[in-house]
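**Q** Quick one, fold the following:
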Amino acid sequence: MAPLLTDMPAARLDSLIKHPFHRENGERLVGFIQDLRECRSAEDFVAFQRDLLHATLAANLARSERSRVIKRLRKGESLPADAPELVVGDRHDVEDWQLEYDVLERVGRQLRSIGDAMAWRAFRYDRRYILALRRNESPGPMTLSKEGTVHEIQFAEQQWREHGHFALLHDITNCLRIGDVTVFHDRDNDEQEILLYELKTNPRRRESTQLARTRLAAEALHTGGPLPGPDKAVLVETGVPYATHLSALSDAFVRAHQNGLKTMRVPGQRGLLALDIVAAGNRWGEQEAAGQFHASYAALLRRMRLTGHVISFSSGDSAARNTMAPPWGIYPLQPAQCAGLIADVLVFSVTLSSDNFIEEVRKAGLDADWVLPDGAEMGPDEPVVTIKGHGRQVTMARAGVEQLMLELTDLRAWAEGIDQLLRKGTPGSQPWPYFTDEHKVWV
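**A** Residues are numbered from 1 along each chain as shown. Prediction:
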């Protein structure tokens, strides 16, 4: 796994964020987000994907070139004659090459986050497709050295050239991991036919495990069958419109840009802290800015009067790491703010207590209990909350809680959806609820 920013020494973190590759990509992200929001037709999406593909392949190639140099230097060998130029540092210092490699890993991940935003927009913000097609291991960086990548690009170009259809390349995203390509057929009355393809470079090869998973995902989407995977998960329609309080996040970032940071309370007894790292550094300097951050956060917690477990989730260093989460590029914010979240020059955190959460859920009419033991970490599969109703019970794990926090989900709308899920019942299955009208939330 790529190193987390929080695990890096301060000096290395500063060098990474200020590296020319990182700065240039931050500016490029704004343009990508602006262009994506203008995509309406298949032609628009095809042109956008070509530009994103070009940037992605270039970043991944540059990263692989630096990997080759690092391996040689760590073996005590000389630089290869065709070594790329090192942008910052000593060409003979392996740590300087490692820094550039780490920067390019981040650049590649940031571009995949834009790919995720393209996927959400192409699927018209229907979360079902993301929930179904995310359930696989990552294929790794997209490079032309892979025979499959070349075949998929050729297939996508053929779909546009011969049929006028947009074919979304899954490997340009982080969230689409089942199937290779999704083809969108625009119909009359704004209808859309969506076809999922698992491509074979060798037509004689027998049906693979990947193709079987693709079939399962398609059946889950169209017939209500189980999602791929061992957990017997099924998609459950709640019929409830999705709602959030993300307008508060937009307001918080406007104030943070003016003052360095902003704290506020959000409906659902949640506390929001927004930080503009550049503005904070300009106002206070790096060391004092860190002190201001901690002091403001502590004051926010005092105002909230939290009891029970204190739960906090942050946007930091999360671009293209979580296949379930909506990408920052579709958040209802200005393009520069979305790009700032992707590049970690804007950060926000949301805090809540277990007691307050249970109180809010019960206010909405649900019977809920916090079951995570005292002192236990909220692992990915650890049961956190149980909710009962209509003679049934569902258990929330970390992903469900994180969604409510970082999406600032309206808890009453969410509780109404969970009530519908319990009412419908899914015996013997792990239910994944989905809401309606998400296109009204995201950009």
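
**Q** Contact partners for Met324?
**A** Met324 makes contacts with Ile130, Leu131, Arg134, Cys175, Ala399, Gln403, as judged by C-beta atoms under 8 Å, 6 or more residues apart in numbering. Quick note: C-beta positions are derived from backbone N, CA and C, even for glycine.

**Q** can you tell me the helix or strand for it?
**A** When elements are assigned from DSSP states H and E, Met324 belongs to no helix and no strand.

**Q** again, but for Gln154
**A** Taking DSSP H and E as the definition, one finds Gln154 inside helix 147-158.

**Q** I'd like the distance from Gly148 to Pro228, if you could.
**A** Gly148 is 19 Å from Pro228, where distance means C-beta to C-beta, to the nearest Å.

**Q** Please apply the same query to Ser353.
**A** The spacing between Ser353 and Pro228, counted by C-beta to C-beta, is 36 Å.

**Q** Leu5 and Ala319 touch, don't they?
**A** No. Applying C-beta atoms under 8 Å, one finds Leu5 not in contact with Ala319, separated by 10.9 Å.

**Q** hey, what's in contact with both of these two?
**A** Asp344.

**Q** Have a look at those two and say which one is more surrounded.
**A** Neighbours per residue, other C-beta atoms under 10 Å: of Leu5 and Ala319, the larger number sits with Ala319, 25 against 15.

**Q** In terms of neighbours, single out the busier of Gly148 and Pro228.
**A** Using other C-beta under 10 Å, the more surrounded residue of Gly148 and Pro228 is Pro228, with 24 against 14.

**Q** Doesn't Val87 belong to a helix?
**A** No. Assigned with DSSP: H, G, I helix; E, B strand; the rest coil, Val87 falls outside any helix and is coil.

**Q** quick one, what contacts the nearest residue to Arg265 once chain neighbours are set aside?
**A** For Arg265, the nearest residue in space outside its immediate sequence neighbours is Gly271; the separation is 5.9 Å by C-beta to C-beta, 6 or more residues apart in numbering. For Gly271, the residues meeting the contact criterion (C-beta under 8 Å, 6+ apart) are Thr263, Met264, Arg265, Leu300, Leu301, Arg303, Met304, Val350, Thr351, Leu352.

**Q** Kindly point out the strands partnered with the host helix or strand of Gly271 and how each is oriented relative to it.
**A** Assigned by DSSP H and E, Gly271 belongs to strand 270-276. The strands beside strand 270-276 in its sheet (DSSP bridges) come out as strand 261-266 (antiparallel), strand 346-353 (antiparallel).

**Q** top helix in the protein by residue count?
**A** Ranked by residue count, the top helix of the chain under DSSP state H comes out as helix 42-74.

**Q** ok, the residue sitting nearest the centre point of the chain - contacts?
**A** Nearest to the mean C-alpha position of the chain, counting by C-alpha atoms, centre = their mean, stands Pro327 at 4.0 Å. Contacts were defined as C-beta under 8 Å, 6+ apart; by that measure Pro327 touches Ser113, Ile114, Asp116, Ala117, Trp120, Cys175, Ala319, Ala320, Ile342.
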